[in-house]
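Trainee: Generate coordinates for the sequence data below:
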Amino acid sequence: MQHSQNGENLFVAASTAHECHSKEVLKSQVYVEKYVESNRHTFLDYISAGCQLNFMVGVDFTASNGNPRLPDSLHYIDPSGRPNVYQKAILEIGEVLQHYDPAKRFPAWGFGARPIDGPCSHCFNLNGSTYQPEVDGIQGIMSAYISALRNVSLAGPTLFGQLISTATAIASQSLADNQQKYFILLIVTDGVVTDFQETIDAIIKASDFPLSIIVIGVGGADFKEMEFLDPNKGERLESSTGRVASRDMIQFAPMKDVHGSGISTVQSLLAEIPGQFMTYMRTRETQAIS
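Mentor: Residues are numbered from 1 along each chain as shown. Predicted structure coming up:
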């Protein structure tokens, strides 16, 4: 910042005979009242400075997935160890993101199932804990997922609102604690959400916090209606109170598209994360740690 005015003279060539004795004629001056220099940090600057990407996952346990004991179920656990579509989605996304989280403690939830001793839950901890949703590593997610299949009854309907709100609460608390963390929630589902407005309201609230959401559709359902989740394909999301999202932070893709072009589509989903991350950081005017 400058403490006194300094001018920059602007000259033009002489254009009349009267002016010919001078090669240049002073026409005006520009004064700079204030000068501020700021660095434009990159995604890698933040990661190198210690900012962590924290992986979270939500798994659809609605009855439309089919009886997990039968081979045609999307939740069928093959004795040979071959992963089902839910496991594939979690592995393909999670095995990339886990490297950005030194602790590798991942919140993992299920939705749309009925515990043995209770009503249908639209956000329950996969590990069976009442209070602690975190598990150790990607294999911890796999173990908790298989255990949950044995301990809940598939139900429904497909609701995202509570799950997204729960993830947002964790991101909000991290922000309040001044932690250098950014969260990525993966939701794997076999159907179209039925709580459209509640989901939109939750997404718009989440856009104010350090959180991105990736939704992957599995199975043979028509996911056309789910394109409303992706602002690149649908209309701008608007909440029930007229608010719009403060930034783009959600993506949707069917699993058949993910596998139709191999790993490239998974990479394209993940490739959006740095841009969403930087938009959030610039909106918050957050600077990388020195």
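Trainee: all contacts plus neighbour counts: C-alpha atoms, from now on.
Mentor: OK.
Trainee: where do the helices sit along this structure?
Mentor: Assigned by DSSP state H, the helices in the chain fall at 43-48, 85-97, 137-151, 161-176, 196-206, 255-260, 263-283.
Trainee: need the contact list for the most centrally placed residue in the chain.
Mentor: Geometric centre of the chain, nearest residue: residue 212, 1.4 Å, by CA atoms, centre = their mean. If you count contacts by CA atoms under 8 Å, 6 or more residues apart in numbering, residue 212 has them with 183, 184, 185, 249, 250, 273, 276, 277.
Trainee: ok, now how distant is it from residue 201?
Mentor: According to CA to CA, to the nearest Å, residue 212 and residue 201 sit 15 Å apart.
Trainee: just residue 103 next, same as before
Mentor: When distance is defined by CA to CA, residue 103 is 31 Å away from residue 201.
Trainee: Looking at these two, which is more packed in?
Mentor: residue 201 (22 against 12; other CA atoms under 10 Å).
Trainee: give the contact list for the closest residue to the more buried one other than its chain neighbours.
Mentor: Closest residue to residue 201 apart from its sequence neighbours, by CA to CA, 6 or more residues apart in numbering: residue 239 at 4.9 Å. With contact taken as CA under 8 Å, 6+ apart, residue 239 is in contact with 197, 200, 201, 204.
Trainee: next one: phi and psi at residue 239?
Mentor: phi -80, psi 170 (degrees, to the nearest 10).
Trainee: got a list of what the closest residue to residue 165 other than its chain neighbours touches?
Mentor: The shortest distance from residue 165 to any non-neighbouring residue, by CA to CA, 6+ apart, is to residue 202 (5.8 Å). Applying CA under 8 Å, 6+ apart, we find residue 202 in contact with 161, 162, 164, 165.
Trainee: Against residue 51, how distant is residue 202?
Mentor: 25 Å.
Trainee: wait, what's in contact with residue 252?
Mentor: With CA under 8 Å, 6+ apart, residue 252 has these contacts: 214, 215, 216, 217, 226, 227, 229, 230.
Trainee: Kindly state the beta-bridge partners for it.
Mentor: residue 215 (DSSP bridges).
Trainee: and it, what pLDDT?
Mentor: Predicted confidence (pLDDT) for residue 252: 91.
Trainee: related to what we said a few turns ago, which of the contacts of residue 252 tops the neighbour count?
Mentor: Scoring these on neighbours with other CA under 10 Å, the highest-scoring entry is residue 217 at 26 neighbours.
Trainee: That residue is in contact with residue 251, isn't it?
Mentor: No - using CA atoms under 8 Å, residue 217 makes no contact with residue 251, being 11.1 Å away.
Trainee: Show me whatever sits in contact with both of these two.
Mentor: Both residue 217 and residue 251 lack any common contact, where contact means CA under 8 Å, 6+ apart.
Trainee: To what extent is residue 82 buried, counted in neighbours?
Mentor: Using other CA under 10 Å: residue 82 sits among 11 other residues.
Trainee: One more: the one 4 residues further on?
Mentor: Residue neighbour count, defined by other CA under 10 Å, stands at 24 for residue 86.
Trainee: what sits against the closest residue to it other than its chain neighbours?
Mentor: Nearest residue to residue 86, sequence neighbours excluded (CA to CA, 6+ apart): residue 188, at 6.6 Å. Listed by CA under 8 Å, 6+ apart, the contact partners of residue 188 are 57, 58, 59, 60, 86, 89, 90, 215, 216, 217, 218.
Trainee: what do you get if the cut-off is 7 Å, keeping everything else the same?
Mentor: 58, 59, 60, 86, 215, 216, 217 (CA atoms under 7 Å, 6 or more residues apart in numbering).
Trainee: from those residues, which is closest to residue 78?
Mentor: Nearest to residue 78 among the contacts of residue 188 is residue 86, at 12.4 Å by CA to CA.
Trainee: Of the contacts of residue 212, keep whichever come out buried.
Mentor: Burial by neighbour count, 16 or more other CA atoms under 10 Å: within those this picks out 183, 184, 185, 249, 250, 273, 276, 277.
Trainee: my guess is residue 75 contacts residue 84, does it?
Mentor: Yes - using CA atoms under 7 Å, residue 75 is in contact with residue 84, at 6.5 Å.
Trainee: Which of these two has more residues huddled nearby?
Mentor: residue 75 (23 against 15).
Trainee: Quick check: nearest residue in space to the more buried one, chain neighbours excluded?
Mentor: Nearest non-adjacent residue to residue 75 (CA to CA, 6+ apart): residue 68, at 5.0 Å.
Trainee: Near that neighbour, how many other residues are there?
Mentor: 18.
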